[in-house]
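Novice: Kindly return the folded structure for what I paste below:
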Amino acid sequence: MKSPFFFWHLCRLTQIEAQSPWSLHPFLDLEPPSDDLVASVREHGILQPPLVMVNKGDTFVVLSGMKRLRALRLAGGEETPCRVVAADIEKSALLRLILEEQRWHTPLTISEKAFFLALAKRFLSPERLNRIYPLLSVSPRSEETAKLLALTNLPPEILRAAHEGRISTATTQALTILSAEDRQAVFTRLTEIQLGDNKQKRFLQLLAEVRNLRQETLTTILQLQEIIYIFSDKRMNPPQKSQRLLDTLAALAAPESSASECQFRQWQSSLALPAGARIEHSPAFENDALRLILPFARQQALEAFWRRANSQGPKP
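Specialist: Numbering: from 1, shown residues only. The predicted structure follows:
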């Protein structure tokens, strides 16, 4: 069994730097810790000692545990046991240690992967970097790594939402290629309404189609009165709003198809079909074919209907 890369030391909080260039989530580090965490640290101390590295003089830089240290400061603490890494540790070993420390708590989020890869590219040779990609479940292809690294330039609130799983990986990456104004408008709407991963994808696809059709910015589209009305309507719950939003965008993306759909529904209603019955048209009304769907309580009811239909049909 190998000796650990660190040694134990009782560190005074005044010796520990308040910020760290090694953090995998700088978008979280300056947030105040929760009241529950502060209360826990005040009563029990830090149960999982922070990982720090010797810095200049007699100071230390945090590798993991920034939030716990901030909680200890708010709780009035002055010192805490830490696991300390020597300043001359080889960078490859240091990065592996940081990675294992983070993965010990929970799998890395897409935001953490982006910042870890940025650190790795800064300090590791291409050969050693190739050993890191499998650990991150990231493709070594340049276009894939470029997409991931682009996340580090996103605003903290978007990185936080991606980190917490409120927006999908695909959505987060899609936001990197938008203008700052469109990115904020799209993200604001996404956080106002509950959309699962697939609906987020559909939302972005429809927005792109509307933009291409109308030649307007996404910001302008999301400020249309019919869009604003959906978000301001207090009678609809979040699932209803999300479906209405997608339906509205679909209508904006294909206005001719939407008008045909409206006429078709009016015609179907005029037929006064029995409960549960419906008529389906061809996709996008590409032809005049229709399908009538009728519900039956059981097999015998369907057989009786079919016998009546055959008996009443035209005779040769």
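Novice: Can you tell me the SS state at Ala185?
Specialist: Three-state call for Ala185 (DSSP: H, G, I helix; E, B strand; the rest coil): helix.
Novice: could you list every residue that touches it?
Specialist: Taking CB atoms under 8 Å, 6 or more residues apart in numbering as the criterion, Ala185 is in contact with 218-219, 222-223. For glycine as for every other residue, the C-beta is placed from the backbone atoms N, C-alpha and C.
Novice: ok, 10 Å please
Specialist: By CB atoms under 10 Å, 6 or more residues apart in numbering, Ala185 lies in contact with 178-179, 207, 217-223.
Novice: Same check on Val61?
Specialist: 16-17, 19-23, 52-55, 85, 87.
Novice: quick one: which helix or strand includes it?
Specialist: strand 60-64 (DSSP states H and E).
Novice: helices or strands up against whichever helix or strand comes after that strand?
Specialist: Heading C-terminal from strand 60-64, the first helix or strand you meet, by DSSP H and E, is helix 66-74. For helix 66-74, the contact count by 3 or more CB pairs under 10 Å, 6 or more residues apart in numbering; DSSP states H and E identifies helix 26-29, helix 35-44, strand 60-64, strand 79-85 as packing neighbours.
Novice: and Asn198, what is it in contact with?
Specialist: Taking CB under 10 Å, 6+ apart, we find Asn198 in contact with 168, 170.
Novice: so how far is the helix or strand it falls within from its chain's centroid?
Specialist: In this structure, Asn198 is located in helix 197-214 according to DSSP H and E. Chain-centre distance of helix 197-214: 16 Å, with CA atoms, centre = their mean, to the nearest Å.
Novice: next one: stretch 232-247
Specialist: That offset, for stretch 232-247, works out to 20 Å (CA atoms, centre = their mean).
Novice: So for that stretch, mean pLDDT?
Specialist: Across stretch 232-247, pLDDT averages out at 89.
Novice: Please identify the buried residues of stretch 48-64?
Specialist: Neighbour-count burial for stretch 48-64 flags 49-54, 60-64 (criterion: 16 or more other CB atoms under 10 Å).
Novice: Dump those into CSV; add distance to Pro107 and pLDDT as well.
Specialist: Below are these laid out as CSV (distance: CB to CB, whole Å; pLDDT from 0 to 100):
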residue, distance to Pro107, pLDDT
Pro49, 22, 92
Pro50, 21, 93
Leu51, 18, 94
Val52, 23, 94
Met53, 24, 94
Val54, 29, 93
Phe60, 27, 95
Val61, 25, 95
Val62, 21, 94
Leu63, 18, 94
Ser64, 15, 91
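Novice: which one among those gets closest to Leu119?
Specialist: Leu63 (10.9 Å; CB to CB).
Novice: Give me the distance between the closest residue in space to that closest one that isn't next to it in sequence and Ser23.
Specialist: In space, and not counting its chain neighbours, Leu63 is closest to Leu51: 4.4 Å by CB to CB, 6 or more residues apart in numbering. Distance, Leu51 to Ser23, using CB to CB, to the nearest Å: 12 Å.
Novice: Give me the secondary structure label for Phe7.
Specialist: Phe7 ends up strand, using three-state DSSP.
Novice: what's it in contact with, if anything?
Specialist: 82-86.
Novice: Let's see if you can find the most crowded of those residues.
Specialist: Among those, Cys82 has the most neighbours (other CB atoms under 10 Å), with 25 neighbours.
Novice: Which parts of this structure belong to which domain?
Specialist: Split into domains by automatic domain parsing, the chain comes to 1-106, 107-177, 179-253, 257-311.
Novice: for the stretch 1-150 of the chain, what are the low-confidence residue spans?
Specialist: Along the stretch 1-150 of the chain, the model assigns pLDDT under 70 to residues 1-4.
Novice: likewise the stretch 201-316 of the chain?
Specialist: Judged by pLDDT under 70, the stretches of the stretch 201-316 of the chain that qualify are 255-261, 282-286, 313-316.
Novice: What segments of it are helices?
Specialist: Using DSSP state H, counting those that start in this stretch, the helices of the stretch 201-316 of the chain run over 218-221, 225-232, 238-253, 255-270, 299-311.
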